[in-house]
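J.: pasting the sequence and the predicted model now:
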Amino acid sequence: MSGPTYVCLSKALVRRRMLAALSMYFCVTTVLCERLPVDENELEEASADRPANDLDAAKASAAASQDAAGKVLETAPLLPALSLKASSALALADHENISHTSAEAVQKASAASSSSKARVSAQTQARQKAAMHRLFARRTSEAAHEGHVSVIAHGRQHRWDLGNDYSSDGEAREEEDDGSESMARNQRLTDDQRKQMRVLEQELDSSHPANTGGVLSSVAEQPMLLAVAGGIGASVGNTGSINFDRDLIRRMKMQDLVVMCLLLFVYYATLSFSACLAHRQAANRSRVKFYADPRMYISTADQAEEIAFLEAFNQKPKQVHLRVTGYLPVTNNFPGSFFWRDGLYAVAFSFALDLTPWVARTSFRQPEDTDDEDAPEAGVPSEDLRKLRSFLAEDTNDMAIVEMRKTITWPCWEELAMNIKHRVRQAGFQGVINIDRTEQEDMCIYKNTQWANFMHGKALKVLLALSVVGWLFYVPYMWLRCTHLHVNCAHSIKISISEFWPFIVEGLGANGFLVGEAPQAVFPAQRENSVEAESSDDDTNANRTNSD
């Protein structure tokens, strides 16, 4: 074999061997650096648990392959020089030695790399399988815990024997160890109870939607109705499931709200029924069409005519008085004292003189005409008469009110007041004397209708007070519907000061008016009766003397 041809063959063989060694090196490196399809925690655990022998073997195989490749690379540039200087026999012998050496090195490296690759792949697969098993077991345990923790906690609370459906193997072994004592404490569940618990857990689990089919499908679609109609158990406590506890709390709140609404409904229904009874009792079959305030008057009218109305309600005022009050200045902390006119005063005496017997209507036509004072329309202005006539004929508002405003006049009454003050001061009183009289009296007249009697009655006002919110509607309604017609009526006191003074002069003193010492006022009718009584007494006395 010639020299150049041998050199070319040697170079080709060296290149082929070198490429094989490099490819083997890269394969080993790739296998060692391969990433397993597990999470970082598993890799850290696997790297911590990996034996040191595997790492040493991989490192030794990699070093052997690198040494073999280095030897080949070192011997490659020496081959042309040896072929040029030596003979063909020596070159062939050297080539056979070199090829034999390189082949042995490559075989050793390939054997070491293949064995290390097999070991690494087997260990990697084992670790990956173990990691996947651990991950699967972890996910399974978490799902089982999330799905059945509420049932397990409820079973532990009530000492139920949940069996293989809800309890783990460890709990089963513990129960077996307990023996007959634990079986005596626990209660066995029936198949129906287990089925109900499974359905309940499926409803609470988001991954298993509740069964909304069947007859109650429309109710199940309404969360509010389901919360109101659903039960909460005999006792509400920590069941171990957050979703179950929240659902129980939501049901309790919803049911409490419904109970409060029902109580309010029953309460207001009772008030409404009572109001209906009061409205029914307000109806009457009386012929009376108008009536005055029954708390103060007894006047009524059964005809909606002007004359009948004024004859019933245009009567003289019932309470007309001349009030006299004496005040004395006192010191602090005096019983009954009050602050008045920049000082402290106490009431020394107070009395009222009745003027009702001398009150009569005032005529606007002729003051001297006494016959006109007896007319029902006496004392009422013509404008007010026209308004009253229109009201009686045309008004249809049941809540309308006629207000008779009776004014009372007494000419020269100030002179009587001065005489009273002078008389009391002469008697020795040193305090302040205040004298006033009744100047006006108002009479409210209502329509005798069922609705008016019901709205003005006490029963409705009591019911409105019990309803709390009823006054918010009652007050605006009464303010809008209760219209007032004011009718002025003039009255006067038909007695002069000189005629009235003798009735009170003897009773006035420093302590007020002494009834026992004052002469009683004698009215015209009483005077006639007294004269007749005196004449009869005289006749009886004369008859006695004659008989004697």
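T.: Looks like it came in fine. Since this is a predicted model, take the numbers as computed values, not measurements.

J.: quick one: contacts for the closest residue to Gln303 other than its chain neighbours?
T.: Once flanking residues are discounted, Gln303 sits nearest to Lys289: 6.9 Å by C-beta to C-beta, 6 or more residues apart in numbering. Every residue, glycine included, has its C-beta placed from N, CA and C. Contact analysis of Lys289 by C-beta atoms under 8 Å, 6 or more residues apart in numbering lists 301-304, 447-448.

J.: do the same with Gly470
T.: Residues in contact with Gly470 (C-beta under 8 Å, 6+ apart) are 463-464.

J.: so Leu328 lies in a strand, does it not?
T.: Yes. Under DSSP: H, G, I helix; E, B strand; the rest coil, Leu328 sits within a strand.

J.: what's the burial count for it?
T.: Leu328 is flanked by 16 other residues according to other C-beta atoms under 10 Å.

J.: nearest spatial neighbour of it, chain-adjacent residues omitted?
T.: Nearest-residue entry for Leu328: Gly431, 4.0 Å, with adjacent residues in sequence omitted and distances by C-beta to C-beta, 6+ apart.

J.: state the pLDDT value of that neighbour.
T.: We note a pLDDT of 88 for Gly431 in this prediction.

J.: wait, it sits on Val330?
T.: No. Using C-beta atoms under 8 Å, Gly431 is not in contact with Val330; the gap is 9.8 Å.

J.: which residues are in contact with each of these two?
T.: In contact with both Gly431 and Val330: Tyr345, using C-beta under 8 Å, 6+ apart.

J.: what ranges do the helices span in the stretch 351-500 of the chain?
T.: Applying DSSP state H, counting those that start in this stretch to the stretch 351-500 of the chain gives helices spanning 382-394, 413-426, 450-456, 458-467, 471-481, 497-500.

J.: deepest in the core, which of these is it.
T.: With neighbours taken as mean count of other C-beta atoms under 10 Å, the helices of the stretch 351-500 of the chain reach their highest mean count in helix 450-456, at a mean of 18.

J.: mean confidence (pLDDT) on that helix, please.
T.: 92.

J.: show me what that helix is packed up against.
T.: Other elements packing on helix 450-456 under the criterion 3 or more C-beta pairs under 8 Å, 6 or more residues apart in numbering; DSSP states H and E are helix 242-281.

J.: whichever helix or strand comes after the helix it packs on pairs with which strands, and in what direction?
T.: Downstream of helix 242-281, the next assigned helix or strand under DSSP states H and E is strand 290-292. On the basis of DSSP bridges, the sheet neighbours of strand 290-292 come out as strand 300-301 (antiparallel), strand 440-447 (antiparallel).

J.: contacting residues for the nearest residue to Val402 once chain neighbours are set aside?
T.: In space, and not counting its chain neighbours, Val402 is closest to Ile445: 4.2 Å by C-beta to C-beta, 6+ apart. With contact taken as C-beta under 8 Å, 6+ apart, Ile445 is in contact with 290-292, 313, 401-404.

J.: before we move on, back to that, now the helices of the stretch 351-500 of the chain in CSV, with distance to Thr362?
T.: Listed next are these as CSV, based on distance: least, C-beta to C-beta, whole Å:
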stretch, distance to Thr362
helix 382-394, 14
helix 413-426, 15
helix 450-456, 32
helix 458-467, 37
helix 471-481, 34
helix 497-500, 18
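
J.: which one of the ones you listed lies nearest to Arg280?
T.: Closest approach to Arg280 among these (C-beta to C-beta): helix 450-456, 8.7 Å.

J.: so where do the strands sit in this structure?
T.: 160-161, 187-188, 290-292, 300-301, 321-329, 338-339, 344-354, 359-361, 401-409, 432-437, 440-447, 484-493, 508-509, 512-513 (DSSP state E).

J.: reformat these as a markdown table; add distance to Met418.
T.: Shown next, in a markdown table, are the strands of the chain (distance: least, C-beta to C-beta, whole Å):
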| stretch | distance to Met418 |
| --- | --- |
| strand 160-161 | 103 |
| strand 187-188 | 104 |
| strand 290-292 | 37 |
| strand 300-301 | 42 |
| strand 321-329 | 12 |
| strand 338-339 | 26 |
| strand 344-354 | 15 |
| strand 359-361 | 22 |
| strand 401-409 | 18 |
| strand 432-437 | 9 |
| strand 440-447 | 23 |
| strand 484-493 | 17 |
| strand 508-509 | 13 |
| strand 512-513 | 17 |
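
J.: for Asn419, which of those strands is the nearest?
T.: Among the strands of the chain, the nearest to Asn419 by C-beta to C-beta is strand 508-509 (9.0 Å).

J.: direction included, what does that closest one pair up with?
T.: Strand 508-509 has the following strand partners under DSSP bridges: strand 512-513 (antiparallel).

J.: pLDDT on the partner strand, on average?
T.: Strand 512-513 comes out with an average pLDDT of 83.

J.: and stretch 481-488, by the same measure?
T.: Rounded mean pLDDT across stretch 481-488 is 92.

J.: give the buried residues for that stretch.
T.: The neighbour-count check on stretch 481-488 (16 or more other C-beta atoms under 10 Å) flags 485, 487 as buried.

J.: mind exporting it as PDB, just the C-alpha atoms?
T.: In PDB, the C-alpha atoms belonging to stretch 481-488 read as follows (Å, rounded to 0.1, in the frame of the first residue of the first chain):
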ATOM      1  CA  ARG A 481    -109.900  68.100  53.900                       C
ATOM      2  CA  CYS A 482    -111.000  69.900  57.100                       C
ATOM      3  CA  THR A 483    -112.100  73.300  55.800                       C
ATOM      4  CA  HIS A 484    -113.300  75.900  58.300                       C
ATOM      5  CA  LEU A 485    -116.200  78.300  57.800                       C
ATOM      6  CA  HIS A 486    -116.000  81.200  60.300                       C
ATOM      7  CA  VAL A 487    -119.400  82.700  61.400                       C
ATOM      8  CA  ASN A 488    -119.200  85.700  63.700                       C
END
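
J.: just give the nearest non-adjacent residue to Ala378, would you?
T.: With sequence-adjacent residues excluded and distances taken as C-beta to C-beta, 6+ apart, Ala378 is closest to Arg361, at 4.1 Å.

J.: correction: Asp436
T.: Asp436's closest residue in space is Arg323 (C-beta to C-beta, 6+ apart), at 5.5 Å.

J.: the one you found contacts Ile435, correct?
T.: Yes. Between Arg323 and Ile435 there is a contact at 7.0 Å, judged by C-beta under 8 Å.

J.: hmm, Ala283 is touching Asn448, no?
T.: No. Using C-beta under 8 Å, Ala283 makes no contact with Asn448, being 10.4 Å away.

J.: so how far is the first residue of stretch 280-296 from its last?
T.: In stretch 280-296, first residue to last residue: 25 Å (C-alpha to C-alpha, to the nearest Å).

J.: quick check: mean pLDDT across that stretch?
T.: 89.

J.: any buried residues in that stretch, and which?
T.: 282, 289-292.

J.: can you check stretch 431-445 too?
T.: 431-433, 435, 437-438, 441, 443-445.

J.: Leu508: which of the contacts of Lys289 is nearest?
T.: Comparing these against Leu508 with C-beta to C-beta picks out Ala301 as the nearest, at 42.6 Å.
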